[in-house]
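>>> Give me coordinates for this.
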Amino acid sequence: MLLVRPYPEPKEGLSEYLLRIAYANGYFKLGELLRVIEMEQTKTSRFSKWSNKQLVFVEKALQQYLGRNVDNVIKLHERCENQDWLHMSGRALHELITDFPRICTYCLREEKVMDWRWSIGTVARCIKHKIPLLDTCPTCDKPLKWDAN
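Now for the predicted structure:
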């Protein structure tokens with residue numbers, strides 16, 4: 001059972017609700033929370049897109065670890081999924097942010113900084129160098145991780 005078990009806020013989506021539960025319980029990633037609550041087939045990326053099967057798994061795990069009925073959790077996702085983000089009154093950039101790091105090797109070599117624009121899903125190239133952003137290791141072809149060196 002989780003120590004802090006908040007209820008969903010009005011206008012909150014599923015991913016936002018899960019992230020709030022994670023932070024309240026001392027976890028910094030949704031994946032960590034989903035492993036702790038023993039979600040069957042833990043989701044590791046694309047937290048804004050949930051399949052019906054994943055929704056059933058997260059609902060089952062949350063019900064056990066929150067200790068209450070969580071039928072409203074699925075409704076959080078359904079509400080956000082049916083909204084047209086372009087015409088939402090409270091639309092936000094977070095819907096366009098990738099959940100994996102992307103880098104420009106030249107910028108990192110020259111300035112040793114990461115540009116915030118690299119995390120926007122619609123930006124495919126470095127604005128300064130005009131080269132494609134990398135999201136996998138050029139040596140081993142594994143996806144880059146936020147906590148990797």
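>>> Lys43 versus Glu32, what's the distance?
According to C-beta to C-beta, to the nearest Å, Glu32 and Lys43 sit 12 Å apart. For every residue, glycine as well, the C-beta is placed using N, CA and C.
>>> higher neighbour count, the two?
Comparing Glu32 with Lys43 by other C-beta atoms under 10 Å, the one with more neighbours is Lys43, at 18 against 14.
>>> for that one, what are its contacts?
Taking C-beta atoms under 8 Å, 6 or more residues apart in numbering, we find Lys43 in contact with Leu30, Gly31, Leu34, Trp50, Gln54, Val58.
>>> Check Val123 too.
Val123 neighbours (C-beta under 8 Å, 6+ apart): Arg117, Leu133.
>>> distance of it from Cys137?
Val123 is 20 Å from Cys137, where distance means C-beta to C-beta.
>>> before we move on, the earlier item: out of the contacts of Lys43, which is nearest to Asp99?
Taking C-beta to C-beta as the measure, Asp99 lies nearest Leu30 of the contacts of Lys43, at 8.6 Å.
>>> got the buried residues for stretch 114-133?
Residues Asp115, Trp118, Ser119, Val123, Cys126, Leu133 are the ones in stretch 114-133 that count as buried (16 or more other C-beta atoms under 10 Å).
>>> Straight-line length of it, end to end?
End-to-end distance of stretch 114-133 (C-alpha to C-alpha, to the nearest Å): 11 Å.
>>> Same question for stretch 24-32.
Stretch 24-32 has its terminal residues 13 Å apart, counting by C-alpha to C-alpha.
>>> got a list of contacts for it?
Contacts for stretch 24-32 (C-beta under 8 Å, 6+ apart): 2-4, 6, 15, 18-19, 22, 33, 36, 42-44, 47.
>>> need those in a markdown table with distance to Leu96, can you?
Formatted as a markdown table, the contacts of stretch 24-32 follow (distance: C-beta to C-beta, whole Å):
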| residue | distance to Leu96 |
| --- | --- |
| Leu2 | 30 |
| Leu3 | 33 |
| Val4 | 29 |
| Pro6 | 26 |
| Ser15 | 14 |
| Leu18 | 19 |
| Leu19 | 17 |
| Ala22 | 21 |
| Leu33 | 23 |
| Val36 | 28 |
| Thr42 | 24 |
| Lys43 | 19 |
| Thr44 | 20 |
| Phe47 | 13 |
